[in-house]
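> sequence first, then the predicted structure, then my questions.
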Amino acid sequence: QVQLVESGGGLAQAGGSLRLSCAASGLTFSRHTMGWFRQAPGKEREFVAGISWSGDTTYYADSVKGRFTISGDNAKNTVNLQMNSLKPEDTAIYYCAGRWGTMTTKSEMYPYWGQGTQVTVSS
């Protein structure tokens, strides 16, 4: 049974930083593409960042490019999202997701999801 558990969310001021982590069990990171998505109140879930199973390919939404960094640790089966220069519009519930196969920004292509962690950025 696949289980993804996010941690590291919380409250930050604009311009600050937070680091999210996703611990996986039941799947092998080295065989899956992992992604981070977020959903703000009243909005659809959107892709934030993704990392290929090999770890050598990353992809970011334009809204976070240059501010967020995704990284994976296959030995620990964790994927992290370092978020810097946070903005109030980054406020959302952040979800870790995984899929077998190539990277995609489409949430419906990810069968495995964590429960989400709240990130709130104050102005």
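Received it, and whenever you're ready, just let me know what you need.
> can you show me the strands along this structure?
3-7, 10-13, 18-25, 33-39, 46-51, 58-60, 68-73, 78-83, 92-99, 112-113, 117-122 (DSSP state E).
> out of those strands, flag the one nearest residue 106.
strand 46-51 (7.7 Å; CB to CB). Every C-beta, even on glycine, is put in place using the N, C-alpha and C of the backbone.
> what comes up buried for that closest one?
By neighbour count on 16 or more other CB atoms under 10 Å, the buried set for strand 46-51 is 47, 48, 49, 50, 51.
> so what's the closest residue to the fourth one other than its chain neighbours up against?
By the measure of CB to CB, 6 or more residues apart in numbering, the closest residue to residue 50 outside its immediate chain neighbours is residue 35, 4.0 Å from it. For residue 35, the contacting residues are 47, 48, 49, 50, 51, 96, 97, 98, 99, 103, 105, 110, taking CB atoms under 8 Å, 6 or more residues apart in numbering as the criterion.
> residue 49 now?
35, 36, 58, 59, 60, 61, 64, 68, 69, 70, 81.
> now it: how far from residue 34?
According to CB to CB, to the nearest Å, residue 49 stands 9 Å off from residue 34.
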